[in-house]
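> Fold the following for me, if possible:
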Amino acid sequence: MAIDPIYATALEKSHWDVPQDYTTLFDWNYSDDRQDLLNLYGKGKSMQWDSDDRIDWSHELDPENPMGIPKEFFPLWGAEFFQKMSAKEQGEAIRHQAAWSNSQFLHGEQGALICSAKIVQNVPDLEAKFYASTQVMDEARHVEVYKKLVEKIGVAYPITGPLKTLLDQVIRDSRWDMTYLGMQVVIEGLALAAFSNIRDNAKDPLATAANAYVMQDEARHVAFGRLALRDYYPQLTQYERNEREEFLIEACYLMRDRFKNTEVWELLGFPMKECDEFVENSEGLKMFRTQLFSRIVPIVKDIGLWGDKITSAYSDMGILGFGSVDVDAMQANDMRVAEEHDERRQHVDAAIAAGRTATET
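Residues are numbered from 1 along each chain as shown. Next up, the predicted model:
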């Protein structure tokens, strides 16, 4: 079904038109000498999955805590006015915050779907086109997964302003590497950190499994961006690299301010000034915002955009230390956690099948 009926606030328009002007490139060489990209393409082909088969959508979410996140993780937990609310009122707020978060995941994944299709057209190398084609399918599946989660929560929210602004910049830019940089590094990197927060802390099995499986795909997507950009950026002039660093700085500040949940507090009639002050001074949210960049900073360093501009900005944001994070280890862990979910699901399926056989005999 369409999710129009469950939007918490009315949509201004049901469609968003973004004009684009870029060149579609054909590669008549049909090259196959980028074995690293072809290996990633092979993984992209072999690791496709069906969300209907891999995820148990029959599971019902708790209407007062759909993700099963500890209440202490709620952005307003500890605010005086929130602590005075009834358990039911708090549960409704937690439900709406989960709906807002998953709605942004949904809209971001549609942005990734469009960007990956754009990459197929304007990236110059055939090996990169091959892998990007598998990512198009991945992103379609991710849109499907988060749409189903939003439907099960029962409330949807329109795209938030900062995410829409960044998507607009990334989609409009005609340069293929800027699509990679904005989507594969910034938006996907932030999404991975947010997904991992749910995967690692949520108690609901549907929420944890859905995010674990999406993250397994995203690990490949980020690897794709790394391989393509770290070969390309050394070829650019210092002016061109500075331009990309400035884009990254603006994008990171934009995304840091995305997680205020302002639309939720407004809809629920909460005191906006008190919400804003509490959220801005919350140690929990400061830590969450900082951790969001654990997936971005080491990639930025790896691809060679590590000049004075970016290191100074990242130092001011308190995230420069993430430059030493082992990205490969994080991605290996993403793969391992998804495999563990598969093993648990297989054990449950086997137990159910054994019980059914015993009953029949």
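
> following the top helix by length along the chain, which helix or strand comes up?
The longest helix of the chain (DSSP state H) is helix 87-122. Using DSSP states H and E, the helix or strand that follows helix 87-122 towards the C-terminus is helix 126-153.

> residues near Tyr314, how many?
When neighbours are defined as other C-beta atoms under 10 Å, Tyr314 has 23 of them. Backbone N, C-alpha and C define where each C-beta goes, glycine included.

> do Phe82 as well
Number of residues near Phe82 (other C-beta under 10 Å) recorded here: 18.

> Contact partners for it?
By C-beta atoms under 8 Å, 6 or more residues apart in numbering, the contact set of Phe82 is Phe74, Leu76, Gln90, Ala93, Phe270.

> Among those, which one lies nearest to Ser294?
Ser294 lies nearest to Phe74 out of these, by C-beta to C-beta, at 21.5 Å.

> Return the distance of the closest residue to that closest one other than its chain neighbours relative to Asp53.
Nearest residue to Phe74 in three dimensions, chain neighbours excluded: Ile94, at 5.7 Å (C-beta to C-beta, 6 or more residues apart in numbering). For Ile94, the distance to Asp53 (C-beta to C-beta, to the nearest Å) stands at 30 Å.

> which residue ranges form the helices in the stretch 151-300 of the chain?
Here the stretch 151-300 of the chain has its helices, by DSSP state H, counting those that start in this stretch, at 161-172, 176-179, 188-201, 205-232, 238-256, 262-267, 272-281, 283-292, 297-302.

> who wins for neighbours among the contacts of Phe82?
The residue in those with the most neighbours, by other C-beta under 10 Å, is Leu76 (24 neighbours).

> quick one: it is in a strand?
No: under DSSP: H, G, I helix; E, B strand; the rest coil, Leu76 sits outside any strand and is assigned coil.

> how far away is it from Ala156?
Between Leu76 and Ala156 the distance is 21 Å, computed by C-beta to C-beta.

> go on, Val222?
To Ala156, Val222 is 27 Å away according to C-beta to C-beta.

> Gly318 now?
Using C-beta to C-beta, Gly318 is found at 33 Å from Ala156.

> What of Arg241?
Remark: distance between Arg241 and Ala156 (C-beta to C-beta) = 40 Å.

> the more surrounded of those two?
Each of Arg241 and Ala156 has its neighbours counted (other C-beta under 10 Å); Ala156 has more, 22 against 18.

> Okay, now the unreliable bits of the stretch 101-250 of the chain?
Across the stretch 101-250 of the chain, nothing is flagged by pLDDT under 70.

> which one is Ile171 nearest to, not counting chain neighbours?
Nearest non-adjacent residue to Ile171 (C-beta to C-beta, 6+ apart): Val18, at 4.9 Å.

> And Ala251, by the same measure?
Distances taken as C-beta to C-beta, 6+ apart put Val186 closest to Ala251, at 4.7 Å, once the chain neighbours are dropped.

> I'd say the one you found and Tyr253 touch.
No: counting by C-beta atoms under 8 Å, Val186 stays clear of Tyr253, with 10.9 Å between them.

> Same drill for the two, tell me which one is more crowded.
Taking Val186 and Tyr253 together and counting by other C-beta under 10 Å, Val186 has the greater number of neighbours (25 against 13).

> Could you give the number of residues near the residue nearest to Tyr146 when sequence neighbours are not counted?
Nearest in space to Tyr146, with sequence neighbours left out and distances taken as C-beta to C-beta, 6+ apart, is Leu106 at 3.9 Å. Here the number of neighbours of Leu106 (other C-beta under 10 Å) works out to 23.
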